[in-house]
Each structure stands twice: as C-alpha cells, then as structure tokens.
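The following block contains a protein sequence and its predicted model.
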Amino acid sequence: MKLFLKVQIPLLLFYAVQMLLVPLLYWLTGEGRPFSIMLYGAAISGSVLAVYLAFRYLSHRRLYAKLSEPEAYIDSAFEPLGDAPLPEAFEKLLESYGRRYRDRLGEEASRVDSQITFMNRWVHQMKTPLSIIQLTAEEMDDAAADSIREEVDRLRKGLEMVLYTSRLDRFEDDFSIVPVSLRKAVSETVAENRRLFIRRGVQAEIRVAEELQVYTDAKWLRFMLTQILTNAVNYSGGSGKTVTAAAFQRGREAILEIRDEGIGIAPEDLKRVFNPYFTGERGREYRESTGMGLYLVREICKRLGHRVELSSQPGEGTTIRLIFDSGIL
C-alpha cells in the first residue's frame with residue numbers, strides 16, 4: 001500500500017493544483033461563482049479520483065505487494081499478477097529474465113561438468129606415471145629413493161584431493177550409505193599412510209572396538225581419515241610422538257576421536273580452521289598445509305549427515321572428533 005501511495009503522489013499533487021486553479025480562474029474572470037458550488041464540484045471530482053485510485057490499487061495490488069517485499073514472494077515470483085496491462089507487462093518481463101537466467105545456469109552447469117570430467121580424467125592419467133615412478137623407487141636402495149617415494153606420496157595425495165574436491169559438486173550421485181567398521185577404516189587408512197608415519201617417527205595407536213560400525217560412505221570416510229591423520233602426523237612436531245584414534249559411544253552417537261601430541265593450533269586460528277584455503281600460523285610455519293583438508297572434511301560431514309568438532313591447545317596437541325548421528329547398529 002505504501003509503494004502504491006508513493007507512486008500516486010505526483011497525480012495527487014497535480015490534482016490539488018488543478019483544484020486551486022479552478023476558483024482562481026473564476027475569480028480572475030469575475031464570474032463570481034458561489035463558493036459552495038465550487039466545493040461541490042471539488043467533492044465530485046475528488047470522489048471520481050478516489051474511485052479511480054481504489055480500482056487502480058485493486059487491479060495492481062499483487063504487483064505492488066511483490067515490489068514492496070520481493071524476498072517474501074521469491075518462491076511465487078512467476079505466478080500471474082493480474083489482467084491489467086502493467087502487471088501483464090511486468091509478468092512478461094520476469095518470464096523473459098527467468099528464461100535468460102535458466103539458460104545461463106544451464107550453460108554454467110555444462111561448463112562445470114566439462115571441467116570436472118576433464119579434471120577426473122587428468123587425475124587418473126597422472127596416477128599411472130606416479131605408479132611407475134613409485135615402483136622404480138621401490139627397487140632403489142639409496143637415500144634418494146626415500147626422497148622420491150616421499151614426493152610421490154605427496155603428489156598422490158594432492159591428486160586425490162583434487163579428485164575428491166571436484167566430486168563434491170556431484171556428491172548426491174557419488175555416495176552409498178552402508179554399515180562400515182570404524183576400526184577397519186582407521187586401520188586401513190593408517191596402513192596406506194604408513195610411510196608418512198615412519199618418515200616422521202610417529203606411532204599410531206588405535207583404540208576402536210572391532211564390533212563398532214556406523215552408517216556412512218566407506219570411500220568418503222577413508223578420504224576424511226586420510227586428511228585428519230596426515231595433518232596429525234605433519235603437525236606432530238617431531239619424532240617419538242603418538243597419534244591416537246579412539247572411538248566410543250554416547251547415546252545413539254558413535255564418536256571417533258583422533259588426537260595428536262603436536263604443536264597445536266593458535267587460539268585465534270581455531271574459528272577459521274574449517275575455512276577453505278586457510279593455513280593459519282602453523283601452516284605457514286611448517287609449509288605443509290593446503291588449507292583444504294579440514295574444509296573438505298567439514299563439507300563431506302555435512303553431506304553425509306555427520307558432524308566434526310576440533311579442539312586444540314598450543315604445545316599440547318589437537319583433537320578432532322567425527323560424530324556419527326544415529327548410525328550405531
């Protein structure tokens with residue numbers, strides 16, 4: 001209603017000026033019309049104007065309602081606005097913009113799909129030469145072979161991160177919720193990263209019951225565990241430390257807790273560790289972080305219906321908890 005009245009302000013001002021000019025004209029011409037007649041004429045004219053404004057408002061009320069509160073009508077933006085010429089023209093304008101917007105969304109989605117497909121194929125192609133380099137390094141005994149194997153591991157993890165990051169956009173087509181043994185998932189992930197543990201002189205301790213299972217996607221869980229364990233080892237701050245994976249039940253929740261004895265995270269960085277590309281003070285110091293690992297863990301947890309929590313004390317270590325809601329068998 002307010003917008004409608006604002007739009008009519010020029011009309012009302014011109015109407016008021018006209019009502020003042022009429023008696024002025026009678027006075028200048030000396031006709032001497034009675035004041036009551038002029039008031040009567042103004043009342044009839046005002047009544048006609050009021051009827052016009054009421055008709056105008058009733059025929060345009062849906063248009064003015066949407067223009068006044070666009071967010072409130074976002075889900076019904078393309079519903080008919082009425083039969084009056086202005087609402088019909090506005091409706092056609094919205095439809096035209098809507099078609100153009102949908103076309104652009106389709107083009108953008110197609111472009112993103114092409115990039116994801118290319119990226120996936122490129123990553124898989126890169127895995128072949130990496131495997132050959134790794135097999136070659138396995139046959140070598142000198143110190144250079146260790147360095148080559150370490151770099152190959154880093155390249156492989158980098159490629160895996162690229163691959164899984166691109167898959168996030170198609171997550172709904174790329175997961176399968178099944179019962180998964182937490183101990184088996186943790187043990188296999190530790191085994192896959194055993195060279196990293198050995199190189200850094202860090203021990204792995206697993207305190208997860210054999211029978212504990214949760215509903216999740218095994219592939220995405222393994223990827224999350226790789227990110228968490230890699231961070232735990234990289235930021236252990238020296239040899240002789242232990243990374244502990246323990247699981248326990250709390251009501252209908254199963255909680256997997258991975259704790260390291262490393263350098264910890266600065267308090268001012270704790271709120272930002274799950275932001276993409278955030279490396280923090282420790283990451284910049286050790287140059288081991290891409291800033292994507294914990295971000296991906298949080299995003300995957302959201303999509304799988306899990307939760308992730310982190311606590312840390314500088315100099316004492318970091319603990320990450322994966323919480324599986326209603327997933328206990």
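Received, thanks. Keep in mind the model is a prediction, meaning the values are calculated, not measured.

so where is this protein shaky, pLDDT-wise?
Residues of the chain meeting the criterion pLDDT under 70: 281-288, 326-329.

can you give me the helices for it?
Using DSSP state H, the helices found in the chain span residues 2-29, 35-68, 85-138, 143-167, 182-192, 194-200, 218-234, 280-286, 293-304.

Let's have the ones you listed in TSV, adding mean neighbour count and distance to residue 212.
Placement of C-beta: from N, CA and C, glycine included. Formatted as TSV, those follow (neighbours: other CB atoms under 10 Å; distance: least, CB to CB, whole Å):
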stretch	mean neighbour count	distance to residue 212
helix 2-29	12	61
helix 35-68	13	54
helix 85-138	12	32
helix 143-167	16	25
helix 182-192	18	5
helix 194-200	15	23
helix 218-234	22	13
helix 280-286	16	31
helix 293-304	20	17
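
Let's have those in TSV, adding distance to residue 319.
Compiled in TSV, those are given as follows (distance: least, CB to CB, whole Å):
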stretch	distance to residue 319
helix 2-29	55
helix 35-68	51
helix 85-138	32
helix 143-167	22
helix 182-192	15
helix 194-200	18
helix 218-234	9
helix 280-286	15
helix 293-304	13
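
Out of the ones you listed, which gets nearest to residue 78?
Among the helices of the chain, the nearest to residue 78 by CB to CB is helix 85-138 (6.2 Å).

Helix 143-167 and that closest one, what's the angle between them?
Interaxial angle, helix 85-138 versus helix 143-167 (axes from the mean of the first three to the mean of the last three CA atoms, to 10 degrees): 160 degrees.

What is helix 85-138 packed up against?
Judged by 3 or more CB pairs under 8 Å, 6 or more residues apart in numbering; DSSP states H and E, helix 85-138 is in contact with helix 35-68, helix 143-167.

Residue 46 versus residue 40, what's the distance?
To residue 46, residue 40 is 11 Å away according to CB to CB, to the nearest Å.

er, residue 311 I mean
Applying CB to CB, one obtains 72 Å for the distance of residue 311 from residue 46.

again with residue 201
Applying CB to CB to residue 201 and residue 46 gives a distance of 93 Å.

Quick check, residue 276 in contact with residue 290.
No - the pair residue 276 / residue 290 is not scored as a contact, 9.7 Å apart, by CB atoms under 8 Å.

which residues are in contact with both of these two?
Both residue 276 and residue 290 lack any common contact, where contact means CB atoms under 8 Å, 6 or more residues apart in numbering.

I'd say residue 264 and residue 311 touch.
No - the pair residue 264 / residue 311 is not scored as a contact, 9.7 Å apart, by CB under 8 Å.

And those two? Which one has more around it.
residue 264 (21 against 14; other CB atoms under 10 Å).

who's in contact with that one?
If a contact means CB under 8 Å, 6+ apart, then residue 264 has 282, 312, 313, 314, 315, 316, 317, 318 as its contacts.

who's residue 215 bridged to?
Beta-bridge partners recorded for residue 215 (DSSP bridges): residue 179.

Is there a neighbour count for it? I'd like the number.
Residues lying near residue 215 (other CB under 10 Å) number 18.

one step back: so which of the helices of the chain gets nearest residue 175?
When the helices of the chain are compared by CB to CB, helix 218-234 sits nearest residue 175, at 6.1 Å.

if we can go back for a sec, could the helices and strands packed on helix 85-138 be laid out in JSON lines, adding distance to residue 253?
What follows is those, written out as JSON lines (distance: least, CB to CB, whole Å):
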{"stretch": "helix 35-68", "distance to residue 253": "45"}
{"stretch": "helix 143-167", "distance to residue 253": "25"}
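
what's the closest of these to residue 22?
helix 35-68 (6.8 Å).

Between helix 2-29 and the closest one, find me the angle.
160 degrees.

Not counting sequence-adjacent ones, nearest residue to residue 112?
residue 169 (6.5 Å; CB to CB, 6 or more residues apart in numbering).

Double-check the one you found against residue 111; I have them as touching.
No - taking CB under 8 Å as the definition, residue 169 is not a contact partner of residue 111, at 11.9 Å.
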